[in-house]
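Chemist: Below are the sequence and a predicted model for it; my questions follow.
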Amino acid sequence: MDSAITVPTPSGAMTTGDVEDPRLGAIAMRLKDVSVSFHGRMAVRDVSFEVPDKRVTALIGPSGSGKTTLLRALNRLHDVTRGAKVEGEILLGNTNLYSREIHPTLTRMRVGMVFQRPNPFPTMSIFDNVVSGLRFNGVRKRAVLNEAAESALIAAALWDRVKDRLKMHASSLSGGEQQRLCIARALAVEPEVLLMDEPTSALDPVSTQRIEELLSELKARVSIVIVTHNMQQAARISDLCVFLLMGDDGAGEQIEVAPTQKLFTDPTDRRTLDYIQGRFG
Amino acid sequence: MSVTTGIGELPADPILERRALIQSIARGSLARRAVVSRLMLGVCGLAFLAASTVLVWIVYLLVAKGFHWISINFFTQDPLTPTVFQQNLLGGIRNAIRGSIVIDGIALVIAIPVGIVAGHLLAVSENVFANAVRSTAEVMTGLPSILFGIFVYEFMIIRFHSHFSGFLGGLALTMIMVPVIMKASEISFRAVPASIREAGLSLGLSKGVVATRIVTPAAAPGLLTAVLLATSRAVGETAPLIWVIGNNYVATWSPYKQQTAIPIAIYNGILNGASPLQQAYAWGSALFLVAVVLCMNLGSRLLAAFLRRERH
């Protein structure tokens, strides 16, 4: 349960807390030679790594390196984009997400997502937002809904704030609270993996810190894959880091995968070092 | 569902239980979802078939009955009256084509600026007056188009003793087009993010400059569609024109003279439908009109797609 805590000191050197190699743990998701292309133009090429179970995996890299594109491949969100094509294998447990037998809607139930900007459903109350994934998938029992909503809101550290006003509109919440509501909404269907696409980039520092703190608790419940362009954030919250970089032809490539502590203190690849030291370009 | 371990029964994990429950419910509904999906796809297919059958049938009829009348002469000659000596004298619809260009041109010249400016004003204002204008436009698009013809007739010809002319036809069509353009362009102006407007204002630009140089280009594909929607509606309008443009048999560019128009040529052809030659006018004109509207639609789609692509 203890998370990897790497804190950048003012000098730029890292001090590292106790951490076990996340690769020793169980594996939630396995990517094998995953490529994503749009209308034949390669956006991400041949990415292979393993998402450790109940850990935070960060995808880092400069703009255009394909972080978000890769993330969206992990719950088949590219299926709804015209011209998008995903190749390679993405295994969740033992099943390939892209095999014909798997229904994409089931995939997305098992692999949830939180987006860059808070996007609560605008016409629904706080409660209805949280249980929407359950209710519209056919869960009718009030008790189950109530229980799931409470559990998800507690997990998203929002319960105390909203328990007396569950009937109120989601828009009455602040930006940071809305984002936590979206996390609760994603959690309520009990996904095995939670994808987060720069979930704090639209939030203020205090809300950002809340969500970062939240992540270390959430990973007891769900494996997290997070895209961030903030290296400090990746260092603070993740256990495993995947560094992507745009190749010569514009397609994102995987440069290095390593436990966060190692990647930030002792990277193998020269380009990783350049990037984390801000000498990029 | 509880987990058996070496140290005895552990309490069930509510999270795992819920996960199992929701996934089993969803999996159980997959078969039903697939059936509903197929069913809906079938309904859509049927609807498409019904709509396209009618369309294909109409086009087929037009081509079958109208195509062999169409020649260069059909476009370059005014209608001729068959005589005892020349039974096959047909002529063309040059007068109607020219009339349509004059009338629709006048309507476009007035309706595009008025409609787009009004649409922009509606997009940026939320008050009682704007709501009133919005509702009025709503009502106007629903009115039978002949009322606009009657209004112009009553107002211009009876009251102000104006005479039948292409210009009055243009006025009647303007009243049909403005609300359509206004409503459609309001939507595309609203689709431009407020932050883009605000960025322009924050550079110290005037509201007018922001509207014309920043917001309007951003909304251009939508505006184009708005104008086209209105134009293709106006081009086919017959009823309002009957009241106000009079008739002619010799092509003229003058908006002050009596005019005729392509839909009127169809109408007249049917009215005098006893002779096959008159029917020929109707079929040929109808085919030409449909072809024009189709080309305008296709052209604007392509142009809008091009504008959108240029931006990305």
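Modeler: That came in fine, so what should we check first? Residues are numbered from 1 along each chain as shown, chains lettered A, B, ... in the order given.

Chemist: residues contacting the residue nearest the centre of chain B?
Modeler: Centroid-nearest residue in chain B, with C-alpha atoms, centre = their mean: residue B:229, separated by 2.1 Å. Contact analysis of residue B:229 by C-beta atoms under 8 Å, 6 or more residues apart in numbering or on different chains lists B:180, B:181, B:184. (C-beta placed from N, C-alpha, C; glycine too.)

Chemist: just to confirm, which helix or strand has it in it?
Modeler: helix B:216-235 (DSSP states H and E).

Chemist: ok so, going back, what distance do you get for the residue nearest to the centre of chain B to residue B:177?
Modeler: Applying C-beta to C-beta, to the nearest Å, the value for residue B:229 to residue B:177 is 9 Å.

Chemist: One more: residue A:181?
Modeler: Counting by C-beta to C-beta - residue A:181 and residue B:177 are separated by 46 Å.

Chemist: Next: residue B:302.
Modeler: 22 Å.

Chemist: Those two - which one has more neighbours?
Modeler: A direct count of neighbours by other C-beta atoms under 10 Å in any protein chain shown for residue B:302 and residue B:177 places residue B:177 higher, at 27 against 10.

Chemist: need the helices for the stretch 1-150 of chain B, in chain order.
Modeler: Taking DSSP state H, counting those that start in this stretch, the helices of the stretch 1-150 of chain B run over residues B:14-66, B:72-76, B:94-124, B:128-142, B:146-152.

Chemist: Same list (those) but as TSV, adding mean neighbour count and distance to residue A:190.
Modeler: Shown next, in TSV, are the helices of the stretch 1-150 of chain B (neighbours: other C-beta atoms under 10 Å in any protein chain shown; distance: least, C-beta to C-beta, whole Å):
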stretch	mean neighbour count	distance to residue A:190
helix B:14-66	13	4
helix B:72-76	14	70
helix B:94-124	21	43
helix B:128-142	13	46
helix B:146-152	20	60
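
Chemist: Turn these into CSV, columns for mean pLDDT and distance to chain A.
Modeler: Output for those, formatted as CSV (pLDDT from 0 to 100; distance: least, C-beta to the nearest C-beta, whole Å):
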stretch, mean pLDDT, distance to chain A
helix B:14-66, 90, 4
helix B:72-76, 80, 41
helix B:94-124, 92, 20
helix B:128-142, 92, 22
helix B:146-152, 91, 38
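
Chemist: closest one to residue B:233 among these?
Modeler: Among the helices of the stretch 1-150 of chain B, helix B:128-142 comes nearest to residue B:233, with 9.3 Å by C-beta to C-beta.

Chemist: Show me what the closest one is packed up against.
Modeler: Counting by 3 or more C-beta pairs under 8 Å, 6 or more residues apart in numbering or on different chains; DSSP states H and E, the packing neighbours recorded for helix B:128-142 are helix B:94-124, helix B:166-190.

Chemist: now the angle from the shortest one to helix B:128-142?
Modeler: Angle between the axes of helix B:166-190 and helix B:128-142 is 120 degrees (criterion: axes from the mean of the first three to the mean of the last three C-alpha atoms, to 10 degrees).

Chemist: Show the subsequent helix or strand relative to helix B:166-190.
Modeler: Per DSSP H and E, the helix or strand that comes after helix B:166-190 is helix B:194-201.

Chemist: and that next one, does that touch chain A?
Modeler: No: Helix B:194-201 stays clear of chain A (C-beta under 8 Å from any C-beta of the partner chain), getting no nearer than 12.5 Å.

Chemist: which element follows that helix toward the C-terminus?
Modeler: By DSSP H and E, the next helix or strand past helix B:194-201 is helix B:207-209.

Chemist: neighbouring contacts of that following helix?
Modeler: B:200, B:201.

Chemist: What is the neighbour count of residue A:203?
Modeler: Residue A:203: 22 surrounding residues under other C-beta under 10 Å.

Chemist: Please apply the same query to residue B:199.
Modeler: Neighbours of residue B:199 under the rule other C-beta under 10 Å: 13.

Chemist: now chain A, which segments are flagged as low pLDDT?
Modeler: Low-confidence segments of chain A, defined by pLDDT under 70, span residues A:1-24, A:280-281.

Chemist: Can you list the strands that the helix or strand hosting residue A:46 pairs with?
Modeler: Element membership of residue A:46 [criterion: DSSP H and E] is strand A:41-52. If you go by DSSP bridges, strand A:41-52 pairs up with strand A:27-38 (antiparallel), strand A:252-259 (parallel).

Chemist: closest one to residue B:279 among the ones you listed?
Modeler: Residue B:279 lies closest, by C-beta to C-beta, to one member of those: strand A:27-38, at 53.6 Å.

Chemist: Now residue B:29: closest residue in space that isn't a chain neighbour?
Modeler: Leaving aside its chain neighbours, residue B:29 sits nearest to residue A:138 (5.2 Å; criterion: C-beta to C-beta, 6 or more residues apart in numbering or on different chains).

Chemist: got a list of what that neighbour touches?
Modeler: B:25, B:26, B:28, B:29.

Chemist: If we use 10 Å, what do you get?
Modeler: By C-beta atoms under 10 Å, 6 or more residues apart in numbering or on different chains, residue A:138 lies in contact with B:22, B:25, B:26, B:28, B:29, B:32, B:33.

Chemist: ok, the first one - contacts?
Modeler: The neighbourhood of residue B:22, defined by C-beta under 10 Å, 6+ apart, consists of A:109, A:133, A:134, A:137, A:138, A:139, A:144, A:148, A:188, A:189, A:190, A:191.

Chemist: how many other residues sit next to the third one?
Modeler: In this case it means residue A:134. As a burial measure, residue A:134 scores 26 neighbours (other C-beta under 10 Å).

Chemist: For it, pull up the helix or strand it's in.
Modeler: If you go by DSSP H and E, residue A:134 is part of helix A:126-135.

Chemist: helices or strands next to that helix in the packing?
Modeler: If contacts are counted by 3 or more C-beta pairs under 10 Å, 6 or more residues apart in numbering or on different chains; DSSP states H and E, helix A:126-135 sits against helix A:104-110, helix A:142-155, helix A:159-162, helix A:175-188, helix B:14-66.

Chemist: Off-centre distance for that helix?
Modeler: Distance of helix A:126-135 from the chain centroid (C-alpha atoms, centre = their mean, to the nearest Å) equals 20 Å.

Chemist: who in chain A is up against chain B?
Modeler: A:103, A:105-106, A:109-110, A:133-134, A:137-141, A:144, A:147-148, A:151-152, A:155, A:187-192, A:220-222 (C-beta under 10 Å from any C-beta of the partner chain).

Chemist: Skipping its backbone neighbours, what lies nearest the residue of the stretch 101-250 of chain A found nearest chain B in space?
Modeler: Of the residues in the stretch 101-250 of chain A, the one nearest chain B is residue A:190, at a distance of 3.7 Å by C-beta to the nearest C-beta. Spatial nearest neighbour of residue A:190, chain neighbours left out: residue B:19 (3.7 Å); criterion: C-beta to C-beta, 6+ apart.

Chemist: For the one you found, give its distance to residue A:98.
Modeler: In terms of C-beta to C-beta, residue B:19 sits 22 Å off from residue A:98.

Chemist: ok, the helix or strand hosting residue A:88: who's next to it in the sheet?
Modeler: Using DSSP H and E, residue A:88 maps to strand A:84-92. Strand A:84-92 sits in its sheet next to strand A:27-38 (antiparallel), strand A:95-96 (antiparallel), going by DSSP bridges.
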